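**Student:** got a predicted structure here, sequence first:
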Amino acid sequence: MTIKDNDEYLHPAPEGTEGLWSDNLWFSFVDREADIHGINHMHVTNKGYARFSTCLVIDGIPMPWANKAPWHDIGKFDKLTDGGRMIYEVIKPQKELRIQADNDKYGFDVTFTGRFPVFDYEDCVHGNPLKSAGVYGGHYEQGMLCQGEFEVRAGPKQGRRQIHCYSHRDHSWTDRFTSGSPWEFQKPLTLRDSLSHYWPSIQTDNFHLNAFGFMNPEVGPYNLTDSDQVQVGGFLSDKNGSRAIRNAECLECRLELDGRSAMSFRYKFTLPDGDIIHVRTGRKYAQTVNGLMRGENDAECLLDCYEGFFDFEVEETGERGYGVAEYSIEPAFPRWRY
(Lines give C-alpha, C1' and ligand atoms only; values in the text may rest on other atoms or scores of the structure.)
Protein backbone atom coordinates (compact mmCIF):
# COMPACT_ATOMS: atom_id res chain seq x y z
CA MET A 1 0.00 0.00 0.00
CA THR A 2 1.22 3.52 -0.78
CA ILE A 3 0.42 6.52 1.40
CA LYS A 4 -1.02 9.33 -0.72
CA ASP A 5 -0.78 13.06 -0.06
CA ASN A 6 -4.52 13.17 0.69
CA ASP A 7 -3.96 10.68 3.53
CA GLU A 8 -2.43 13.58 5.48
CA TYR A 9 -5.97 14.86 6.04
CA LEU A 10 -9.16 13.40 7.56
CA HIS A 11 -10.86 10.20 6.47
CA PRO A 12 -14.61 9.48 6.38
CA ALA A 13 -15.87 6.44 8.24
CA PRO A 14 -16.48 3.37 6.08
CA GLU A 15 -19.99 3.10 4.73
CA GLY A 16 -22.36 1.61 7.28
CA THR A 17 -20.26 2.65 10.30
CA GLU A 18 -22.46 3.62 13.24
CA GLY A 19 -19.88 3.65 16.02
CA LEU A 20 -16.97 5.95 16.73
CA TRP A 21 -14.46 6.49 13.92
CA SER A 22 -11.50 8.83 14.27
CA ASP A 23 -8.33 10.20 12.75
CA ASN A 24 -5.53 10.31 15.33
CA LEU A 25 -2.36 12.38 14.90
CA TRP A 26 0.63 12.04 17.25
CA PHE A 27 3.81 14.21 17.35
CA SER A 28 6.64 14.07 19.89
CA PHE A 29 8.94 16.63 21.51
CA VAL A 30 12.21 15.17 22.81
CA ASP A 31 14.38 18.23 23.39
CA ARG A 32 16.98 17.48 26.05
CA GLU A 33 18.66 20.89 25.69
CA ALA A 34 15.45 22.90 26.16
CA ASP A 35 14.23 20.35 28.77
CA ILE A 36 10.87 20.02 27.04
CA HIS A 37 9.43 16.57 26.39
CA GLY A 38 5.98 15.40 25.45
CA ILE A 39 3.34 14.42 22.96
CA ASN A 40 1.02 16.57 20.86
CA HIS A 41 -2.15 14.69 19.96
CA MET A 42 -5.29 15.30 17.91
CA HIS A 43 -8.32 12.97 17.84
CA VAL A 44 -10.94 13.95 15.23
CA THR A 45 -14.16 11.93 15.14
CA ASN A 46 -17.22 11.25 13.02
CA LYS A 47 -19.38 12.32 15.98
CA GLY A 48 -18.98 16.06 15.49
CA TYR A 49 -16.10 16.74 17.86
CA ALA A 50 -12.30 16.69 18.07
CA ARG A 51 -9.92 16.48 21.02
CA PHE A 52 -6.66 18.45 21.11
CA SER A 53 -3.90 17.90 23.67
CA THR A 54 -0.30 18.73 24.48
CA CYS A 55 0.92 16.29 27.16
CA LEU A 56 4.20 18.04 27.98
CA VAL A 57 6.81 17.91 30.75
CA ILE A 58 8.66 21.24 31.09
CA ASP A 59 11.73 21.43 33.36
CA GLY A 60 10.63 18.15 34.94
CA ILE A 61 7.12 19.43 35.76
CA PRO A 62 4.12 17.76 34.05
CA MET A 63 2.14 20.47 32.27
CA PRO A 64 -0.58 18.86 30.15
CA TRP A 65 -3.24 20.88 28.36
CA ALA A 66 -6.33 19.57 26.57
CA ASN A 67 -9.45 20.84 24.87
CA LYS A 68 -12.50 19.46 23.07
CA ALA A 69 -14.18 21.38 20.27
CA PRO A 70 -16.87 20.88 17.61
CA TRP A 71 -15.57 19.58 14.27
CA HIS A 72 -17.73 18.44 11.36
CA ASP A 73 -15.61 18.84 8.23
CA ILE A 74 -14.08 15.48 7.28
CA GLY A 75 -11.62 15.60 4.40
CA LYS A 76 -9.05 18.18 3.42
CA PHE A 77 -8.51 21.19 5.69
CA ASP A 78 -6.40 24.34 5.73
CA LYS A 79 -6.05 24.35 9.51
CA LEU A 80 -7.19 21.78 12.03
CA THR A 81 -7.95 23.80 15.16
CA ASP A 82 -10.07 24.08 18.29
CA GLY A 83 -10.56 27.79 17.64
CA GLY A 84 -6.99 29.01 18.07
CA ARG A 85 -5.60 27.37 21.20
CA MET A 86 -4.04 24.63 19.09
CA ILE A 87 -3.55 24.70 15.31
CA TYR A 88 -2.29 21.95 13.00
CA GLU A 89 -1.32 22.51 9.36
CA VAL A 90 -0.04 20.32 6.54
CA ILE A 91 2.57 22.52 4.83
CA LYS A 92 3.96 19.92 2.40
CA PRO A 93 2.30 16.48 2.53
CA GLN A 94 4.64 13.76 3.80
CA LYS A 95 7.42 16.32 4.24
CA GLU A 96 6.52 19.28 6.44
CA LEU A 97 3.89 19.84 9.17
CA ARG A 98 3.28 22.69 11.62
CA ILE A 99 1.76 22.84 15.10
CA GLN A 100 1.02 25.98 17.12
CA ALA A 101 -0.23 26.15 20.71
CA ASP A 102 -1.33 29.08 22.85
CA ASN A 103 -2.38 28.74 26.50
CA ASP A 104 -1.67 30.47 29.80
CA LYS A 105 1.27 28.22 30.75
CA TYR A 106 3.09 28.08 27.40
CA GLY A 107 2.91 28.67 23.68
CA PHE A 108 4.87 27.36 20.72
CA ASP A 109 5.17 27.43 16.95
CA VAL A 110 7.11 24.46 15.58
CA THR A 111 7.67 22.78 12.24
CA PHE A 112 8.18 19.04 11.75
CA THR A 113 10.29 18.14 8.71
CA GLY A 114 10.63 14.55 7.51
CA ARG A 115 14.09 13.04 8.05
CA PHE A 116 13.11 9.89 6.15
CA PRO A 117 10.24 8.69 3.96
CA VAL A 118 6.88 7.82 5.50
CA PHE A 119 6.39 4.14 6.41
CA ASP A 120 3.00 2.50 5.86
CA TYR A 121 2.23 -0.06 8.60
CA GLU A 122 0.47 -2.23 6.00
CA ASP A 123 3.99 -2.93 4.76
CA CYS A 124 5.03 -4.62 8.02
CA VAL A 125 6.27 -8.17 7.38
CA HIS A 126 3.06 -9.68 8.77
CA GLY A 127 0.75 -6.80 7.83
CA ASN A 128 -0.50 -4.09 10.15
CA PRO A 129 -0.32 -5.47 13.74
CA LEU A 130 -2.61 -2.69 15.00
CA LYS A 131 -5.59 -4.40 13.37
CA SER A 132 -5.76 -6.64 16.42
CA ALA A 133 -7.30 -3.59 18.18
CA GLY A 134 -10.02 -2.88 15.61
CA VAL A 135 -10.67 -1.76 12.05
CA TYR A 136 -7.84 0.34 10.64
CA GLY A 137 -8.31 2.28 7.44
CA GLY A 138 -4.63 3.13 7.57
CA HIS A 139 -1.65 3.91 9.78
CA TYR A 140 1.70 5.46 8.87
CA GLU A 141 4.72 6.81 10.76
CA GLN A 142 7.76 8.99 10.09
CA GLY A 143 10.99 10.11 11.69
CA MET A 144 11.10 13.91 11.88
CA LEU A 145 13.22 16.94 12.75
CA CYS A 146 11.34 19.40 14.98
CA GLN A 147 12.35 23.08 15.01
CA GLY A 148 10.74 26.26 16.26
CA GLU A 149 10.15 28.59 19.17
CA PHE A 150 8.68 27.74 22.58
CA GLU A 151 7.65 30.28 25.23
CA VAL A 152 7.29 29.26 28.88
CA ARG A 153 4.76 31.71 30.39
CA ALA A 154 4.55 30.50 34.00
CA GLY A 155 6.72 28.96 36.69
CA PRO A 156 10.25 29.88 37.80
CA LYS A 157 11.93 29.66 34.35
CA GLN A 158 9.79 31.82 32.11
CA GLY A 159 11.06 32.93 28.74
CA ARG A 160 11.66 31.86 25.15
CA ARG A 161 13.53 28.72 24.14
CA GLN A 162 14.44 27.19 20.82
CA ILE A 163 13.20 23.71 19.96
CA HIS A 164 15.62 21.66 17.84
CA CYS A 165 15.36 17.90 18.18
CA TYR A 166 14.57 14.63 16.47
CA SER A 167 10.92 13.76 16.61
CA HIS A 168 8.42 11.15 15.53
CA ARG A 169 4.88 11.25 14.22
CA ASP A 170 2.08 8.86 13.35
CA HIS A 171 -1.37 9.12 11.82
CA SER A 172 -4.11 6.49 11.98
CA TRP A 173 -7.78 6.33 11.02
CA THR A 174 -9.65 3.65 12.91
CA ASP A 175 -12.60 2.51 15.03
CA ARG A 176 -10.34 1.33 17.88
CA PHE A 177 -12.38 3.03 20.63
CA THR A 178 -15.85 2.19 19.36
CA SER A 179 -16.43 -1.06 21.28
CA GLY A 180 -18.06 -0.94 24.68
CA SER A 181 -16.06 -1.53 27.85
CA PRO A 182 -16.94 -4.17 30.48
CA TRP A 183 -19.03 -3.30 33.50
CA GLU A 184 -15.99 -4.03 35.65
CA PHE A 185 -12.38 -4.78 34.77
CA GLN A 186 -10.69 -7.83 36.26
CA LYS A 187 -7.70 -6.94 38.39
CA PRO A 188 -4.47 -8.47 37.01
CA LEU A 189 -3.27 -11.39 39.13
CA THR A 190 0.41 -10.62 38.52
CA LEU A 191 2.51 -7.73 37.24
CA ARG A 192 3.06 -9.59 33.99
CA ASP A 193 -0.68 -9.76 33.45
CA SER A 194 -0.83 -5.96 33.48
CA LEU A 195 1.85 -5.46 30.81
CA SER A 196 0.40 -4.53 27.45
CA HIS A 197 1.97 -2.99 24.34
CA TYR A 198 5.43 -1.51 23.75
CA TRP A 199 6.16 0.98 20.97
CA PRO A 200 9.64 2.56 20.99
CA SER A 201 10.71 5.31 18.61
CA ILE A 202 14.53 5.40 18.60
CA GLN A 203 16.48 8.05 16.71
CA THR A 204 20.20 8.45 16.13
CA ASP A 205 22.08 10.65 13.68
CA ASN A 206 22.05 7.74 11.21
CA PHE A 207 18.70 6.01 11.60
CA HIS A 208 15.19 5.88 13.03
CA LEU A 209 13.95 2.57 14.46
CA ASN A 210 10.34 1.89 15.42
CA ALA A 211 8.49 -1.23 16.57
CA PHE A 212 5.12 -2.28 17.96
CA GLY A 213 4.44 -5.43 19.97
CA PHE A 214 3.29 -6.78 23.33
CA MET A 215 5.36 -7.19 26.49
CA ASN A 216 3.34 -10.06 27.94
CA PRO A 217 4.87 -13.26 26.50
CA GLU A 218 1.41 -14.80 26.17
CA VAL A 219 0.54 -12.19 23.55
CA GLY A 220 4.07 -12.07 22.20
CA PRO A 221 5.51 -11.78 18.71
CA TYR A 222 4.08 -14.96 17.20
CA ASN A 223 0.90 -15.54 19.17
CA LEU A 224 -2.01 -15.17 16.75
CA THR A 225 -5.30 -13.49 17.58
CA ASP A 226 -8.69 -14.71 16.44
CA SER A 227 -8.10 -12.87 13.19
CA ASP A 228 -4.76 -14.64 12.67
CA GLN A 229 -3.02 -11.29 12.95
CA VAL A 230 0.60 -11.41 14.12
CA GLN A 231 0.96 -8.69 16.73
CA VAL A 232 4.40 -7.34 15.91
CA GLY A 233 5.66 -4.89 13.32
CA GLY A 234 7.86 -1.89 12.73
CA PHE A 235 10.46 -0.36 10.48
CA LEU A 236 13.98 0.99 10.06
CA SER A 237 14.61 4.32 8.31
CA ASP A 238 18.11 5.21 7.16
CA LYS A 239 20.02 6.28 4.02
CA ASN A 240 18.37 3.38 2.18
CA GLY A 241 14.83 4.55 2.89
CA SER A 242 12.15 3.15 5.23
CA ARG A 243 11.84 -0.65 5.31
CA ALA A 244 10.02 -3.21 7.44
CA ILE A 245 11.99 -4.92 10.19
CA ARG A 246 11.62 -8.69 10.48
CA ASN A 247 10.89 -8.95 14.19
CA ALA A 248 11.00 -7.17 17.53
CA GLU A 249 10.80 -8.16 21.19
CA CYS A 250 10.75 -6.26 24.46
CA LEU A 251 13.16 -8.34 26.53
CA GLU A 252 12.94 -6.30 29.72
CA CYS A 253 10.64 -3.71 31.25
CA ARG A 254 11.61 -2.55 34.74
CA LEU A 255 8.91 -0.68 36.62
CA GLU A 256 8.97 1.37 39.79
CA LEU A 257 7.10 0.21 42.91
CA ASP A 258 3.87 1.79 41.63
CA GLY A 259 3.81 -0.91 38.94
CA ARG A 260 3.27 1.68 36.22
CA SER A 261 6.25 4.06 35.88
CA ALA A 262 9.01 2.62 33.71
CA MET A 263 12.65 2.76 34.84
CA SER A 264 14.22 1.04 31.83
CA PHE A 265 13.68 -1.13 28.76
CA ARG A 266 15.74 -3.53 26.69
CA TYR A 267 14.71 -4.55 23.17
CA LYS A 268 15.78 -7.01 20.48
CA PHE A 269 15.29 -6.15 16.80
CA THR A 270 15.75 -8.23 13.68
CA LEU A 271 16.55 -5.69 10.97
CA PRO A 272 15.50 -5.86 7.28
CA ASP A 273 18.78 -7.57 6.29
CA GLY A 274 18.46 -10.17 9.07
CA ASP A 275 21.01 -8.61 11.42
CA ILE A 276 20.02 -8.70 15.09
CA ILE A 277 20.68 -5.78 17.43
CA HIS A 278 19.86 -5.11 21.06
CA VAL A 279 18.92 -1.63 22.26
CA ARG A 280 18.69 -0.53 25.88
CA THR A 281 17.50 2.68 27.45
CA GLY A 282 19.84 4.99 29.33
CA ARG A 283 18.98 8.18 31.16
CA LYS A 284 15.29 8.87 31.59
CA TYR A 285 14.31 12.54 31.16
CA ALA A 286 10.56 12.56 31.64
CA GLN A 287 7.33 10.61 31.42
CA THR A 288 3.77 11.49 30.46
CA VAL A 289 0.54 9.53 30.25
CA ASN A 290 -2.09 10.20 27.62
CA GLY A 291 -5.31 10.29 29.62
CA LEU A 292 -7.35 11.15 26.53
CA MET A 293 -7.42 7.61 25.14
CA ARG A 294 -11.21 7.60 25.31
CA GLY A 295 -14.34 6.71 23.40
CA GLU A 296 -17.44 8.88 23.47
CA ASN A 297 -17.65 8.81 27.27
CA ASP A 298 -15.53 11.75 28.44
CA ALA A 299 -15.42 10.33 31.96
CA GLU A 300 -13.84 6.97 31.08
CA CYS A 301 -10.19 6.41 30.24
CA LEU A 302 -9.87 3.22 28.18
CA LEU A 303 -6.07 2.96 28.07
CA ASP A 304 -3.17 4.31 30.11
CA CYS A 305 -0.69 5.02 27.33
CA TYR A 306 2.63 6.04 28.90
CA GLU A 307 5.38 7.90 27.06
CA GLY A 308 8.87 7.61 28.54
CA PHE A 309 11.59 9.90 27.17
CA PHE A 310 14.99 8.20 27.23
CA ASP A 311 18.47 8.03 25.82
CA PHE A 312 19.04 4.80 23.84
CA GLU A 313 22.17 2.78 23.05
CA VAL A 314 22.77 -0.01 20.53
CA GLU A 315 24.65 -2.64 22.52
CA GLU A 316 26.52 -4.15 19.56
CA THR A 317 27.95 -0.86 18.24
CA GLY A 318 27.69 1.65 21.07
CA GLU A 319 25.74 4.03 18.82
CA ARG A 320 23.61 6.36 20.90
CA GLY A 321 20.44 8.33 20.34
CA TYR A 322 17.24 9.31 22.08
CA GLY A 323 13.50 9.11 21.68
CA VAL A 324 10.28 7.77 23.16
CA ALA A 325 9.52 4.44 24.79
CA GLU A 326 5.73 4.16 24.65
CA TYR A 327 4.03 1.39 26.63
CA SER A 328 0.74 0.64 28.32
CA ILE A 329 -0.37 -0.90 31.61
CA GLU A 330 -3.83 -2.48 31.92
CA PRO A 331 -6.39 -1.69 33.06
CA ALA A 332 -6.40 2.12 33.09
CA PHE A 333 -6.24 3.49 36.64
CA PRO A 334 -8.10 5.40 37.74
CA ARG A 335 -10.63 4.36 35.13
CA TRP A 336 -12.98 7.29 35.75
CA ARG A 337 -11.53 10.78 35.23
CA TYR A 338 -13.88 13.73 35.12
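**Tutor:** In hand now; what should we look at?
**Student:** now residue 303, nearest residue through space, not along the chain?
**Tutor:** Once flanking residues are discounted, residue 303 sits nearest to residue 293: 4.0 Å by C-beta to C-beta, 6 or more residues apart in numbering. No exception for glycine: its C-beta is placed from N, CA and C like everyone else's.
**Student:** does that neighbour count as helix, strand or coil?
**Tutor:** coil (DSSP: H, G, I helix; E, B strand; the rest coil).
**Student:** that one against residue 305, yeah?
**Tutor:** Yes - counting by C-beta atoms under 8 Å, residue 305 is a contact partner of residue 293 at 5.3 Å.
**Student:** angles on the backbone of residue 328, please.
**Tutor:** The phi/psi pair for residue 328 (degrees, to the nearest 10) reads phi -130, psi 150.
**Student:** now it: how far from residue 260?
**Tutor:** 10 Å (C-beta to C-beta, to the nearest Å).
**Student:** in a strand, residue 6, correct?
**Tutor:** No - counting by three-state DSSP, residue 6 is not part of a strand but helix.
**Student:** the closest residue to it other than its chain neighbours is in what secondary structure piece?
**Tutor:** Distances taken as C-beta to C-beta, 6+ apart put residue 76 closest to residue 6, at 6.9 Å, once the chain neighbours are dropped. Assignment of secondary structure by DSSP states H and E places residue 76 within no helix or strand.
**Student:** got the residue ranges for the helices in the stretch 1-150 of the chain?
**Tutor:** For the stretch 1-150 of the chain, applying DSSP state H, counting those that start in this stretch gives no helices.
**Student:** and the strands in it, which stretches?
**Tutor:** Remark: strands assigned in the stretch 1-150 of the chain by DSSP state E, counting those that start in this stretch are 22-31, 36-45, 49-58, 61-62, 65-70, 80-81, 86-92, 96-102, 106-114, 119-120, 136-152.
**Student:** give me the angle between the second one and strand 86-92.
**Tutor:** Angle, strand 36-45 to strand 86-92, by axes from the mean of the first three to the mean of the last three C-alpha atoms, to 10 degrees: 90 degrees.
**Student:** parallel or antiparallel, which strands does strand 36-45 pair with?
**Tutor:** Paired strands of strand 36-45, with direction, are strand 22-31 (antiparallel), strand 49-58 (antiparallel) (DSSP bridges).
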